[in-house]
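Q: sequence first, predicted model second:
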Amino acid sequence: MKIATFNVNSLRKRLPVILRWLERHQPDVLCLQETKVQDEDFPLLDLASSGYQVTFRGMKAYNGVAVLSRAAPEAVSYGFDDGGELDDARLLRVVIKGIPIVNTYVPQGFKIDSSKYAYKLKWFQRLRAYFDKHLAPSKPAIWCGDVNVAPEPLDVHSPEKHLTHVCFHEDVRRAYKETVSWGFVDVFRKLYPDRLQYTFWDYRQPSSVKANKGWRIDHILATKPLADKCKSVEVDMRPRRAATASDHTVLWAEFAI
């Protein structure tokens, strides 16, 4: 099973990039984040023409998640169900061939001293509780998406300059790791413990891709029964170099199942 994740930073702008990537790689599942389109304007026909089943939840101009899958989902769930803010345009869970796949677009956090950052830290706590409620570490499951955290110094350029950044501050890294410790394995780091590889390069730095000044903030994680079957993981740079590129690129993993 081949599973990919891609923060598209506006789905309608990135449609040609997505359709070309699907045709070239033909994954079983592609999880999208930051689609930035409300449901009534979602380009369903364009994506369905690729032969994929499409599950989505969005909002105007912000957030939005979607899952494209070869097989129809056996179950679909949107957002949190803990009585707090639903955040259904940031969290989408589908079951594909018996495997739960949780697609997340974790809040960025804005600034360390802002309420948005506090919300981000709480979001990770809620997500761990969500895993407790719906998944089991002893059974196959996947969590992927734009997690907006670079877990280690290796995962961000010039880490000493980003110690107070909302995607690298010690508090958010700790919150992320506590969520991962529920029972997930970062399959990229499992296969490549020391590889310098990013998934995001800031638009505001026009030379960021050429200089490789990026962040590894998009992740595919699996519970141990599935992580043990991960045979390959790659970051595809071609979408980031496309004429109509997102500021992120595609990360994909293949599992021997």
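A: Nice, I can see it.

Q: for the closest residue to N103 other than its chain neighbours, give me its contacts.
A: Nearest residue to N103, sequence neighbours excluded (CB to CB, 6 or more residues apart in numbering): C31, at 4.0 Å. C-betas here are computed from N, CA, C, even on glycine. Residues in contact with C31, defined by CB atoms under 8 Å, 6 or more residues apart in numbering, are 3-6, 65-68, 92, 101, 103, 144-145.

Q: recalculate using a threshold of 6 Å.
A: 5, 67, 103, 144-145 (CB atoms under 6 Å, 6 or more residues apart in numbering).

Q: and if you look at K213?
A: H157.

Q: how much space separates it from Y105?
A: 23 Å (CB to CB, to the nearest Å).

Q: do D132 as well
A: 21 Å.

Q: more neighbours: these two, which one.
A: Y105 (24 against 12; other CB atoms under 10 Å).

Q: doesn't V147 make contact with that one?
A: No. Assessed by CB atoms under 6 Å, Y105 is found out of contact with V147, at 8.7 Å.

Q: what's the closest non-adjacent residue to Y192?
A: V233 (7.1 Å).

Q: so where does I220 fall, helix or strand?
A: strand 218-223 (DSSP states H and E).

Q: now do whichever helix in the chain runs longest, average pLDDT.
A: For the chain, the longest helix by residue count, based on DSSP state H, is helix 115-134. In this model, helix 115-134 has a mean pLDDT of 98.

Q: start at 26, not 1
A: Sure thing, new numbering starts at 26, so read that last one as helix 140-159.

Q: next one: that helix to chain centre, how far?
A: 15 Å (CA atoms, centre = their mean, to the nearest Å).

Q: next up, the contacts around the residue nearest the centre of the chain.
A: In the chain, the centroid-proximal residue (CA atoms, centre = their mean) is G170; its distance is 0.8 Å. Counting by CB under 6 Å, 6+ apart, G170 touches 30, 56, 58, 128-130.

Q: how about it, nearest residue that isn't a chain neighbour?
A: T129 is the one closest to G170 (CB to CB, 6+ apart), at 4.1 Å.

Q: please tell me how far that neighbour sits from S94.
A: From T129 to S94 the distance is 17 Å (CB to CB).
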